[in-house]
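Enquirer: need coordinates for the below:
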Amino acid sequence: MLGAGIYGLIGKAAGEMGNAVWLAFLVSMVAALLTGLSYASLGSRYPRAGGAAYVTQRAYGWPLLTYLVGLTVMASGLTSVATQSRVVAEALTRLPMLEGVPVLALALGFLLLIAGIVFRGIKESMWVNMACTFMEAGGLLIVIAVGIPYWGSVDLLEVPPTSGGIDAAMILQGAVLTFFSFIGFEDTFNVAEEVKDPQRTLPWAIIIAMASATVIYLAVAITAVSVVPWQELATASGPLVEVVNRAAPWIPPVVFVVITVFAVSNTALLNYIMASRLAYGMARLELLPRPLGRVHAGRRTPHVAIATLLVIVTALMLSGDIAQLASATVLLLLAVFTIINIALLILQRRPTEAKGVFEVPSFVPVGGALICALLFVNRLTTGDWKAPALAVGMLAGIVVLYLIMRPKCVDNLDNADEVEVD
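Expert: You can find the predicted model right below:
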């Protein structure tokens with residue numbers, strides 16, 4: 001959840017909310033928490049690879065919908081990795097020892113490195129994840145530490161004069177911007193099969209992660225507007241770098257270049273892991289070609305899926321600016337969250353389904369579905385038409401692919417593990 005987004009997102013949110021940007025993070029956390037709790041409950045019930053696809057099939061029993069959900073989540077991960085590879089490459093060129101190195105060469109090297117780590121194993125991937133998380137969390141804690149002396153110097157309810165004051169519409173717009181700072185529970189769900197005692201561990205992991213991220217984000221938001229006027233924060237190319245430059249000019253700018261590289265790399269690594277496990281899980285459900293479900297004899301990782309996704313994400317990276325594609329997948333991800341929340345509600349009401357260790361009342365998935373649907377409609381009607389049009393095109397492409405491949409789901413999902421994975 002502590003991804004690279006917060007390093008740039010804080011400026012955009014300040015432009016919408018002024019000094020009240022902290023309120024947007026608080027509201028979006030509550031909104032995201034409902035869906036996060038739904039994912040936590042589902043993880044305690046069905047700790048399987050390809051969690052979103054598995055749950056969709058179990059709840060609705062419609063292979064086409066399962067296919068759409070699975071490939072949408074996978075597409076969101078792959079477009080994110082492709083975008084982040086270029087961000088990392090461009091950041092690396094600002095380091096003195098890498099000046100002049102072509103961005104494409106650095107981006108390709110980064111993708112090969114990430115794929116190699118994922119192939120190496122889940123333990124190795126998580127050690128790298130932990131190192132990157134400590135680094136990016138450390139960067140945010142530096143921002144908070146140097147800015148605390150400025151706390152109390154501004155009115156934290158001051159908003160842009162054109163806004164007309166704090167109202168539901170303003171808060172909703174700010175929450176739409178900051179909502180995606182909290183997602184990460186879907187990545188967690190997709191690696192549940194590789195977690196010890198996932199029925200208990202997964203729910204606590206999601207809840208603790210969201211609570212920790214909320215505390216850090218609120219502190220960062222208050223610090224940012226306390227040190228730099230929100231008008232300047234909104235136009236700064238690197239908002240948090242600007243905060244540190246003013247509050248602690250003695251810290252070398254290169255420090256935040258390195259932190260940004262670690263933060264973006266961490267997000268890319270986790271998205272790659274998620275996509276590979278989702279492909280593996282869908283292959284076991286016979287929704288994707290069976291070879292994608294094979295596991296390497298030595299490393300015990302889905303090596304075919306990892307290699308296949310490397311080809312796809314490299315092609316995306318080389319295709320140039322995919323910002324609109326990324327926006328389209330974000331839009332579709334909100335639809336997926338709505339579908340998954342409703343899936344939990346269906347499964348809760350099905351007498352034959354076993355209860356999980358972590359159960360939530362029905363109002364949680366209902367609230368999560370309504371909020372995600374509201375955010376979906378808001379993003380659909382207030383954004384650029386290109387992203388929705390591209391989203392429709394992606395869905396049409398997935399449907400065509402489904403009709404060509406004519407995949408099938410195993411009839412007995414409880415025995416899906418028996419699909420040959422070599």
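
Enquirer: on contacts alone, who are the packing partners of the helix or strand Met274 falls within?
Expert: Using DSSP states H and E, Met274 sits in helix 254-284. In this structure, helix 254-284 packs against helix 51-60, helix 63-92, helix 103-120, helix 122-147, helix 185-190, helix 239-247, helix 303-318, with contacts taken as 3 or more CB pairs under 8 Å, 6 or more residues apart in numbering; DSSP states H and E. For the C-beta atoms, the positions are set from N, CA and C on the backbone; glycine is no exception.

Enquirer: okay, the ones you listed in a markdown table with mean neighbour count and distance to Ala168 next?
Expert: Listed next are those as a markdown table, based on neighbours: other CB atoms under 10 Å; distance: least, CB to CB, whole Å:
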| stretch | mean neighbour count | distance to Ala168 |
| --- | --- | --- |
| helix 51-60 | 25 | 30 |
| helix 63-92 | 24 | 28 |
| helix 103-120 | 18 | 41 |
| helix 122-147 | 18 | 29 |
| helix 185-190 | 26 | 26 |
| helix 239-247 | 22 | 26 |
| helix 303-318 | 19 | 38 |
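
Enquirer: Asn341: which of these is closest?
Expert: Closest to Asn341 of those is helix 51-60 (CB to CB; 10.5 Å).

Enquirer: can you give me the mean pLDDT across the closest one?
Expert: Confidence for helix 51-60, expressed as mean pLDDT, is 88.

Enquirer: now the angle between helix 63-92 and that helix, please.
Expert: 160 degrees (axes from the mean of the first three to the mean of the last three CA atoms, to 10 degrees).

Enquirer: the inter-axis angle of helix 51-60 versus helix 254-284?
Expert: Going by the same axes, to 10 degrees, helix 51-60 makes 40 degrees with helix 254-284.

Enquirer: just to revisit the earlier point, least confident of the helices and strands packed on helix 254-284, on average?
Expert: For the helices and strands packed on helix 254-284, mean pLDDT drops lowest on helix 185-190, to a mean of 79.

Enquirer: next SSE downstream of that helix?
Expert: helix 198-227.

Enquirer: what is the orientation angle of that next one with helix 122-147?
Expert: Using the same axes, to 10 degrees: helix 198-227 against helix 122-147 is 30 degrees.

Enquirer: what's helix 198-227 packed up against?
Expert: Partner elements for helix 198-227 (3+ CB pairs under 8 Å, 6+ apart): helix 5-17, helix 21-45, helix 122-147, helix 185-190, helix 239-247.

Enquirer: what does the shortest one rub up against?
Expert: Helix 185-190 is contacted from outside by 35-36, 39-40, 42-43, 49-52, 73, 77, 202, 205-206, 209-210, 270-271, 273-274, 277-278, 281, 333, 336-337, using CB atoms under 8 Å, 6 or more residues apart in numbering.

Enquirer: measure how far it is from the centre of its chain, please.
Expert: Put simply, helix 185-190 sits 9 Å off its chain's centre (CA atoms, centre = their mean, to the nearest Å).

Enquirer: now swap in the second one and tell me
Expert: Going by CA atoms, centre = their mean, the spacing between the C-alpha centre of helix 21-45 and its chain's C-alpha centre is 13 Å.

Enquirer: show the average pLDDT along that helix.
Expert: Throughout helix 21-45, pLDDT has a mean value of 88.

Enquirer: which secondary structure elements does that helix contact?
Expert: Counting contacts by 3+ CB pairs under 8 Å, 6+ apart, helix 21-45 packs against helix 5-17, helix 51-60, helix 168-178, helix 185-190, helix 198-227, helix 323-348, helix 363-382.

Enquirer: hmm, try it at 10 Å
Expert: Other elements packing on helix 21-45 under the criterion 3 or more CB pairs under 10 Å, 6 or more residues apart in numbering; DSSP states H and E are helix 5-17, helix 51-60, helix 168-178, helix 185-190, helix 198-227, helix 230-235, helix 323-348, helix 363-382.

Enquirer: list the buried residues for the fifth one?
Expert: By that I understand helix 198-227. For helix 198-227, a neighbour-count test (16 or more other CB atoms under 10 Å) marks 198-199, 201-203, 205-207, 209-210, 213-214, 216-227 as buried.

Enquirer: pretty sure Leu288 is touching Ser276, no?
Expert: No - counting by CB atoms under 10 Å, Leu288 sits too far from Ser276 to count as a contact (11.7 Å).

Enquirer: intersection of neighbour lists for those two?
Expert: Met74, Ala305, Thr308 (CB atoms under 10 Å, 6 or more residues apart in numbering).

Enquirer: the closest residue in space to the second one that isn't next to it in sequence: neighbouring residues, count only.
Expert: Counting by CB to CB, 6 or more residues apart in numbering, Ala279 is the residue found nearest to Ala305 once chain neighbours are left out, at 4.0 Å. If you count neighbours by other CB atoms under 10 Å, Ala279 ends up with 31.

Enquirer: equivalent analysis for Ala234, please.
Expert: 20.

Enquirer: hmm, who's touching stretch 115-124?
Expert: 81, 125, 127-129, 191, 193-195, 265, 269-270, 272-273, 275-277, 296, 298-303, 305-307, 309-311, 313-314.

Enquirer: off-centre distance for stretch 271-280?
Expert: Using CA atoms, centre = their mean, the offset of stretch 271-280 from its chain centre is 13 Å.
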